[in-house]
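J.: everything below, folded, please.
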Amino acid sequence: MGMREYITRRIIYALIILALSTVLLFGMVRLLPGDPIRAAMQQNVDLTDESIVQEVRARYGLDKPVHIQFVLWLRDFVKGDWGTSLSSGEPVWDMFLRRLPVTLLLFVGATFWAWVIGIPLGIFSALNRNSYLDASFTGISIVGISIPVFWEAILLIYALAVIIKIFPPSGYVPFFTSPWQNFMCIVLPTFVMGTQSAGSFSRYIRSSLLEVLGQDYIRTARAKGLREKAVVWKHAAKPALIPVVTVIGLSWGHLIAGSFIVEFMFAIPGLGRMGVDAVFARDFPVLQATLILVVINVLFANLLVDILYGYLDPRVRVQK
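T.: Presented below is the predicted three-dimensional model:
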């Protein structure tokens with residue numbers, strides 16, 4: 001199978017999954033308990049007037065059958081009309097554009113921590129196999145994978161924001177308002193988000209690098225008198241990183257899921273916080289858009305990983 005055919009096949013698979021996920025998420029949002037219209041109106045109008053409730057319900061198209069609602073919503077979503085928030089009355093698209101840079105900044109910071117911590121730990125563990133250094137790094141990686149995001153956030157806030165008072169406990173300052181305060185606000189959240197990915201990177205890199213270092217061509221390279229540094233970086237690094245590519249794709253999904261908890265705990269106005277607030281407020285237009293965006297991001301990340309994997313290892317393009 002050629003590279004072009006392989007990419008086309010992966011794109012078709014991704015579109016099929018996206019279509020099924022869209023239908024499933026639309027139905028799940030509609031099954032949430034409670035009446036979203038009454039929840040949004042309870043502080044503004046007298047809900048005993050059923051005519052007002054029905055009027056608002058018709059305005060949002062909720063008086064139509066579910067399948068008609070889905071078709072109309074999908075048509076508008078593709079056009080860029082993502083509906084209007086029931087809580088604030090603001091267009092969901094505008095809310096998304098305002099919060100997207102915040103979440104992207106967190107993703108960049110979390111990826112930085114994951115790579116800076118995870119890759120060196122994995123490499124040094126593999127090069128010092130069965131040593132005290134290897135055992136220490138392995139323990140750190142396991143802790144990073146195992147500790148719940150919310151618990152790590154609580155510990156870091158208490159230790160570094162309450163006791164030592166190095167970082168602010170919560171809140172967010174835009175970069176263009178104060179670059180330094182922006183940096184201080186995102187250090188803890190990005191570290192918490194990147195910890196689990198760092199632990200996964202470390203374990204996979206160690207395992208993959210050890211497997212590659214045991215191959216015959218590596219022993220041949222050493223027998224030729226090559227320096228260990230050249231053997232590791234020129235001959236073992238690229239093959240060892242092939243399985244790690246898959247982990248990078250999976251970690252993107254973990255980062256997105258973690259952003260919901262982290263943004264809520266650190267009071268950061270990103271897309272994750274927007275989704276959590278929508279759940280509490282039963283704001284289904286915002287929740288629908290948020291969940292679909294999560295699916296699109298995860299599918300896009302995995303599509304890129306599949307393409308990169310097919311490029312690095314042509315064997316995966318072989319049609320069985």
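J.: can you find the helix or strand of this protein with the lowest average pLDDT?
T.: helix 36-41 (a mean of 64; mean pLDDT, DSSP states H and E).
J.: what sits against residue 19?
T.: Counting by CB atoms under 8 Å, 6 or more residues apart in numbering, residue 19 makes contact with nothing. Just so you know, the C-beta spots here come from the backbone N, C-alpha and C atoms, and that holds for glycine as well.
J.: for the host helix or strand of it, buried residues please.
T.: For residue 19, the host element (DSSP states H and E) is helix 3-30. With burial defined by 16 or more other CB atoms under 10 Å, the residues of helix 3-30 counted as buried are 6, 7, 10, 14, 18, 21, 22, 25, 26, 29.
J.: neighbouring contacts of stretch 280-292?
T.: 21-22, 25-26, 29-30, 32, 34-36, 39-40, 60, 73, 77, 82-87, 92, 95-96, 271, 274-275, 277-279.
J.: now swap in stretch 149-159 and tell me
T.: With CB under 8 Å, 6+ apart, stretch 149-159 has contacts from 169-170, 188-189, 191-193, 195-196, 258, 261-262, 265-266.
J.: the residue nearest the centre of the chain and residue 184, how far apart?
T.: With distances taken as CA atoms, centre = their mean, residue 256 lies nearest the centre of the chain, 2.2 Å away. Using CB to CB, to the nearest Å, residue 256 is found at 24 Å from residue 184.
J.: and if you look at residue 228?
T.: According to CB to CB, residue 228 and residue 184 sit 41 Å apart.
J.: same check on residue 243?
T.: From residue 243 to residue 184 the distance is 36 Å (CB to CB).
J.: what's the answer for residue 296, then?
T.: From residue 296 to residue 184 the distance is 32 Å (CB to CB).
J.: now the buried members of the contacts of stretch 280-292.
T.: Here, 16+ other CB under 10 Å leaves 21-22, 25-26, 29, 36, 39-40, 60, 73, 77, 82-87, 92, 95-96, 271, 274-275, 277-278 buried among the contacts of stretch 280-292.
J.: which stretches in the stretch 51-200 of the chain count as helices?
T.: Along the stretch 51-200 of the chain, counting by DSSP state H, counting those that start in this stretch, helices occupy 66-79, 92-127, 132-146, 149-157, 179-213.
J.: please identify the buried residues of the shortest one?
T.: For helix 149-157, a neighbour-count test (16+ other CB under 10 Å) marks 149, 152, 153, 156, 157 as buried.
J.: now the first one
T.: For helix 66-79, the buried set under the neighbour-count rule, 16+ other CB under 10 Å, comprises 69, 70, 73, 77.
J.: which strands and helices sit next to it?
T.: helix 3-30, helix 284-312 (3 or more CB pairs under 8 Å, 6 or more residues apart in numbering; DSSP states H and E).
J.: as JSON lines, those with distance to residue 142 and mean pLDDT would be great.
T.: Converted to JSON lines, these look like this (distance: least, CB to CB, whole Å; pLDDT from 0 to 100):
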{"stretch": "helix 3-30", "distance to residue 142": "32", "mean pLDDT": "87"}
{"stretch": "helix 284-312", "distance to residue 142": "24", "mean pLDDT": "83"}
